[in-house]
Structures are given as C-alpha cells and as structure tokens.
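Student: need a structure here:
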Amino acid sequence: MVPPRSGECARLKSFKVSLQEPDPCCYFAVRSTQEREAEEERSEWVLGLSHTILLIIDSLLPMAELSCDPLPGIPKTFRRLLAGYLIHRDDPDALSVVYCELQAPVGPRASLVIYENDACKSPIMEIPIFESSVCCDVVGINCSCFVVEGHHFASQSSSERKLWLRALSNLKVKLQNKAPEPTQDELLHFRSAIRENIRTLQATQESRIARDPLLRLLEKPSRAFPTRDRVQQAASNGDQDLPEAPAEDEVRQKIEQVNGPNQSKPVSL
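Tutor: Predicted coordinates:
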C-alpha cells in the first residue's frame, strides 16, 4: 500500500478495468524509476487487455456480414435499415449472441428488434426508440460496447459500433424533428447510404483469428430471454449450438499467437 502523500505516487501510472456501470471497477498501476518506461508499460497492459477482450468478442460472433436489405417473404423486415449479429448482456453472469435489426420509424418511434438468428422468424424482444431514448457508447480503449435504453451490446469492432450509433442517432434526429414516415423511395435512399458505410467498414476489417468461442456455453436459460434454453450459435439455419469453448491452455495459445508470449500489440481498427 502506497501512502497517498508519499513521493511514490508520482512514479505510478494507473489504469482502470471496469465491467459495466454501476459494477465495481479495479484500478491498477505500474511503477518505474523512469516515467517514460512506466507509461510504455502501462500502454502495453492496456492494449493487451483491450486486444484480448476484442479477441473474445470476435470468437463469439459468427461469420456474417451486416445487412441493410429486407428479407424476401418476411414482411416484418421490410422496414430494415441495419441488421447484424451483436452480443447482448443478459445479466452480470451471462450474455447472448443475437441478431439485431434497426427499423425505420412508424409514427413517433423506431425499433431495435432482436431475433435468435438472421432468419428473423420470430422476434425475441423489441426495444422502442423514441426521440428521448438513451443511445450511447461505452468509454474505453478500442471498446466496441454501446448501450440502447439500458441494454448493453457489443459489436465486432469499435468501427462497427460507430455505424450502429450513427444509424441510431440519425433516427433520433428524424423523430425529434417530427419527420413523416419514410416512403419506399426514401428507405431505398437510406439503405444506399448505409450500404456504402458497410462496404467501407468491411474493407478495413482484419481476418478472423479465433475459430471457436472462448467462453463456455451456459445450460441455464437466459434471464433476459426466458424463452430460450441456451444460447444458440448465430448461423443462417439457426439450428446449430455454440460449440464448447477450448481448454484454458488453448485459450492462452490463441492469445499468444496474436500478441506474442511476452508483448502486447495494438489492435488495428
């Protein structure tokens, strides 16, 4: 324990690791006789931790592209603006991989509809988006998490998160300005703009690293989605379960393949 008024505090470079507010957080610090060395060591820790978190997120999400086009023969998707797989925080101990669809406004509200998978056969939940709805990012290094009306989500990258939040923000602006419901021609125009952003995002994405989920499958039902017995793998047919996570040694090997055994590298997003 370092006394708060001692000269040792000046040699400490601290960083914080938190879950989600209002959960507790942990503060860490590195110490060195040389300030620059301490800052470099802190940067290595922060980048290494953020890279590992993104590696876990990447391992859970399926190989599927974002979409802005409705599905033929499924009327409930005809107002789709943006759709893709996200991780949803069900409770402090569990999460789900779900397919989310942002829909154009009808009357005074838009919607974020959550499905089991990209077949979009039956919604699990619908989050209404009003002009006063809270949609914000989660502050952090290379963080891909964001919040929509108290629901916590994580996307594959911070760049993808920006796309979701931009689309949500644009919808809120239209609702605040009491804009009329978009026509079919306007929906086509909106989708064209979003499609260009999707293409730009895909051009900068790196190849996937982890092939298997790095978290274990829970057998108990999700609290947020009580109709499901387990988290299902996000696949186009919607029938395949998430495989068991690899052993701890395999996880360590995967992380070392990315960062090297003794060093941390930043994530390119």
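Student: Show me what stretch 173-180 is in contact with.
Tutor: The list of residues contacting stretch 173-180 from outside it, by CB atoms under 8 Å, 6 or more residues apart in numbering, reads 105, 108-110, 129-131. Quick note: C-beta positions are derived from backbone N, CA and C, even for glycine.
Student: Apply 10 Å and report the result again.
Tutor: If you take CB atoms under 10 Å, 6 or more residues apart in numbering as the criterion, stretch 173-180 is touched by 104-105, 107-110, 129-133, 171, 181-182, 186, 190.
Student: now those residues: which count as buried?
Tutor: 104-105, 110, 129, 131, 133, 171, 182, 190 (16 or more other CB atoms under 10 Å).
Student: Now, the residues you listed that are in helices?
Tutor: 171, 190 (DSSP state H).
Student: the strands in the stretch 1-150 of the chain, which residues?
Tutor: Per DSSP state E, counting those that start in this stretch, the stretch 1-150 of the chain has strands spanning 12-18, 25-31, 80-91, 94-106, 109-115, 123-129, 135-137, 145-148. These are given in chain order.
Student: Which other helices and strands does the second one contact?
Tutor: What that stands for is strand 25-31. Of the remaining helices and strands, those touching strand 25-31 by 3 or more CB pairs under 10 Å, 6 or more residues apart in numbering; DSSP states H and E are strand 12-18, helix 35-60.
Student: between the last one and strand 80-91, how big is the angle?
Tutor: Right, helix 35-60. In this structure, helix 35-60 runs at an angle of 110 degrees to strand 80-91, with axes from the mean of the first three to the mean of the last three CA atoms, to 10 degrees as the basis.
Student: Now do the buried residues in helix 35-60.
Tutor: Within helix 35-60, the residues that count as buried by 16+ other CB under 10 Å are 38, 42-60.
Student: low pLDDT regions in the stretch 151-269 of the chain?
Tutor: In the predicted model, the stretch 151-269 of the chain carries pLDDT under 70 at residues 219-269.
Student: how does it look with 80?
Tutor: 206-212, 217-269 (pLDDT under 80).
Student: Just the closest of the contacts of stretch 173-180 to Cys26, please.
Tutor: Lowest distance from Cys26 to those (CB to CB) belongs to Ser133, with 31.1 Å.
Student: hang on, isn't the closest one packed against Pro108?
Tutor: No. Taking contact to mean CB atoms under 10 Å, the distance of 11.2 Å between Ser133 and Pro108 leaves them out of contact.
Student: would JSON lines of the strands of the stretch 1-150 of the chain with distance to Gln156 and mean pLDDT be doable?
Tutor: JSON lines is the format used below for the strands of the stretch 1-150 of the chain (distance: least, CB to CB, whole Å; pLDDT from 0 to 100):
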{"stretch": "strand 12-18", "distance to Gln156": "21", "mean pLDDT": "88"}
{"stretch": "strand 25-31", "distance to Gln156": "24", "mean pLDDT": "88"}
{"stretch": "strand 80-91", "distance to Gln156": "8", "mean pLDDT": "96"}
{"stretch": "strand 94-106", "distance to Gln156": "11", "mean pLDDT": "96"}
{"stretch": "strand 109-115", "distance to Gln156": "17", "mean pLDDT": "97"}
{"stretch": "strand 123-129", "distance to Gln156": "20", "mean pLDDT": "97"}
{"stretch": "strand 135-137", "distance to Gln156": "15", "mean pLDDT": "96"}
{"stretch": "strand 145-148", "distance to Gln156": "12", "mean pLDDT": "96"}
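Student: okay if I get these as a markdown table plus distance to Ile198?
Tutor: Written out in a markdown table, the entries for those read as follows (distance: least, CB to CB, whole Å):
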| stretch | distance to Ile198 |
| --- | --- |
| strand 12-18 | 31 |
| strand 25-31 | 34 |
| strand 80-91 | 8 |
| strand 94-106 | 13 |
| strand 109-115 | 17 |
| strand 123-129 | 20 |
| strand 135-137 | 19 |
| strand 145-148 | 17 |
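Student: Identify the residue spatially nearest to Ser18, adjacent ones excluded.
Tutor: Taking CB to CB, 6 or more residues apart in numbering, and ignoring the residues beside it in sequence, Ser18 has Cys25 as its nearest neighbour in space, at 3.3 Å.
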